[in-house]
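Enquirer: Sequence unavailable; structure follows:
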């Protein structure tokens, strides 16, 4: 059974950092396109970042470029999202997900496959 379990969310002050983790089971990350999306209350889902399985290219939403870094540890079957210089507008539930496709320059929700329950990130003073 394919499963994704996120952890690492919490309350952080503006300018702070958090690292989210996503443990995958039931499949191998090595051959999967995987990433993160977020959803804030009353707002639409937003793709944050993803890593393409075909060429390793990485997509970042403009809103997080230069602040967030996605990485994967295939040995641990885990993907991470390092979030620095956090802003109140980053407050959302962050979900780890697999995708049929993404690239360094293209992301679309239509390619979402499986996602986890999410972890809440709250940025507030």
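Expert: Arrived safely, thanks for sending. In this text the structure is predicted, and so the values were computed from the model without any measurement.
Enquirer: Next, the contact list for residue 31, please.
Expert: When the contact criterion is C-beta atoms under 8 Å, 6 or more residues apart in numbering, the partners of residue 31 are residue 53. Bear in mind the C-beta positions are built from the backbone N, C-alpha and C, glycine included.
Enquirer: just the strands in this structure please.
Expert: Under the criterion DSSP state E, strands of the chain are mapped to 3-7, 10-12, 18-25, 33-39, 46-51, 58-60, 68-73, 78-83, 92-99, 112-115, 119-123.
Enquirer: Quick check: which of the ones you listed is nearest to residue 106?
Expert: Of all the strands of the chain, the one in closest proximity to residue 106, counting by C-beta to C-beta, is strand 58-60 (6.9 Å).
Enquirer: Can you pull out the residues in contact with the closest one?
Expert: Strand 58-60 has contacts (C-beta under 8 Å, 6+ apart) with 35, 47-52, 68, 70, 102-107.
Enquirer: try 7 Å
Expert: 49-51, 68, 70, 102-104, 106-107 (C-beta atoms under 7 Å, 6 or more residues apart in numbering).
Enquirer: Check stretch 61-76 too.
Expert: With C-beta under 7 Å, 6+ apart, stretch 61-76 has contacts from 29-30, 34-36, 46-49, 51, 58, 60, 79-85.
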